[in-house]
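1. here is my input, please return the structure:
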Amino acid sequence: MTAIAFLTMDSLDDFVAYDHLLTAELNRRGIEVREISWRARDVAWADYPLVVIRSPWDYQQDLPGFLKVLTEIDASGARMENNLSVCQWNCRKSYLRDLQQAGLSIIPTTWLDEVTVQSLADATAQISEPELIMKPLIGANADLTERLPSALTKTQLQQLVSLYQGRSVLVQPFLTSVLDPGEYSLVYFNGNFSHAILKTPASGDFRVQEEHGSTITPVAPPVAVRQLADRTIHELPSDLLYARVDILLLAPEQPALIEVELIEPSLYLPFHPQATKRFCEAILQRL
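-> Sure thing, here's the model as predicted:
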């Protein structure tokens, strides 16, 4: 039986993961899956013809260490999906600027290399919406993501400077469309559309991750949303085993990218009857 590796983390106890669905399906097809934490040491990566990055959902805690491991996998001769150059590009949200320059719509964003009282005051002055979102350039799982009034007090500005000390951040208007209808996620395997879901936050929250109590619903995405996602996949810089395109509405029929997840996205496999099978077939094509 051929063995491949799924790159994960030390413990998924606090997360919602679906890798077991893939493992069971691949086993039925004669493929053994070995789950290996990215923090494991002395792994013989060359023993695996394929390493699929699946659920290393704490990589933002040590990005240099994580990228070092990916570099080691890449150098071992094992095929890594998605590949190293894609991960290096996608691990910082500045990739959204590249996509915007390619003509794709993103949420209006101010980029701050350094967070100071003055830079924050200047950034918030550009926001016409009553609330804003701040998040680090390197982040996952909504870590250090703040929803705030656009008119920040001096005390709030100072607190944010302290919170984001040493980090680059992005500042965006808070879009009420994240609450209703919600955030669309469109999933692609080997460049082909597979399925889509709609994520709506729990009451009183704005975060759409399942770990924060959001509701996940299978959905046929609106035409404009699907078109933006398809264009995004076409513009991405490499052949991808998997991709997830996350989209919010700036206004009805006016979608914009919020994220393009190419490293370790949840792929919401249980929410479409063919999703697990499709992903396994894509993996087998890579073998």
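
2. look up how far residue 186 lies from residue 261.
-> 11 Å (CB to CB, to the nearest Å). Where C-beta positions appear, they are placed from N, C-alpha and C, glycine not excepted.

3. and residue 5, by the same measure?
-> Applying CB to CB to residue 5 and residue 186 gives a distance of 27 Å.

4. where do the helices sit along the stretch 1-150 of the chain?
-> 19-28, 63-76, 84-90, 95-101, 117-125 (DSSP state H, counting those that start in this stretch).

5. please name every helix or strand in contact with the fourth one.
-> When you say that, I think you mean helix 95-101. Applying 3 or more CB pairs under 8 Å, 6 or more residues apart in numbering; DSSP states H and E, one finds that helix 95-101 contacts strand 254-261.

6. my read: residue 52 touches residue 8, true?
-> No - the criterion here is CB atoms under 8 Å, and residue 52 misses it with residue 8 at 9.9 Å.

7. would residue 237 count as being in a strand?
-> No - secondary structure of residue 237 (DSSP: H, G, I helix; E, B strand; the rest coil): coil, not part of a strand.

8. show me the residues around it that make contact.
-> By CB atoms under 8 Å, 6 or more residues apart in numbering, the contact set of residue 237 is 85-86, 89.

9. per-domain residue ranges of this structure.
-> What automatic domain parsing lists as the domains of the chain is 2-90, 110-174.

10. least confident of those, on average?
-> Among the domains of the chain, domain 110-174 carries the lowest mean pLDDT, a mean of 89.

11. overlap in contacts of residue 261 and residue 186?
-> By CB under 8 Å, 6+ apart, the residues touching both residue 261 and residue 186 are 244-245.

12. just want to know which of the two has more residues nearby.
-> A side-by-side neighbour count of residue 261 and residue 186, using other CB atoms under 10 Å, places residue 186 first with 23 against 17.

13. quick one: the more buried one and residue 244 touch, right?
-> Yes - between residue 186 and residue 244 there is a contact at 7.0 Å, judged by CB under 8 Å.

14. from residue 104, how far out is the residue nearest to residue 262 when sequence neighbours are not counted?
-> Once flanking residues are discounted, residue 262 sits nearest to residue 90: 4.3 Å by CB to CB, 6 or more residues apart in numbering. Per CB to CB, residue 90 is found 15 Å from residue 104.

15. cool, residue 111 as well?
-> Residue 111 is 16 Å from residue 104, by CB to CB.

16. neighbour-wise, which of these two wins?
-> More crowded of residue 111 and residue 104, by other CB under 10 Å: residue 104, with 19 against 14.

17. my guess is the more buried one meets residue 255, correct?
-> No - using CB under 8 Å, residue 104 is not in contact with residue 255, being 10.0 Å away.

18. ok and the helix or strand that contains residue 226 relative to strand 254-261, angle-wise?
-> Under the criterion of DSSP states H and E, residue 226 resides in helix 223-235. What separates the directions of helix 223-235 and strand 254-261 is an angle of 40 degrees, with axes from the mean of the first three to the mean of the last three CA atoms, to 10 degrees.
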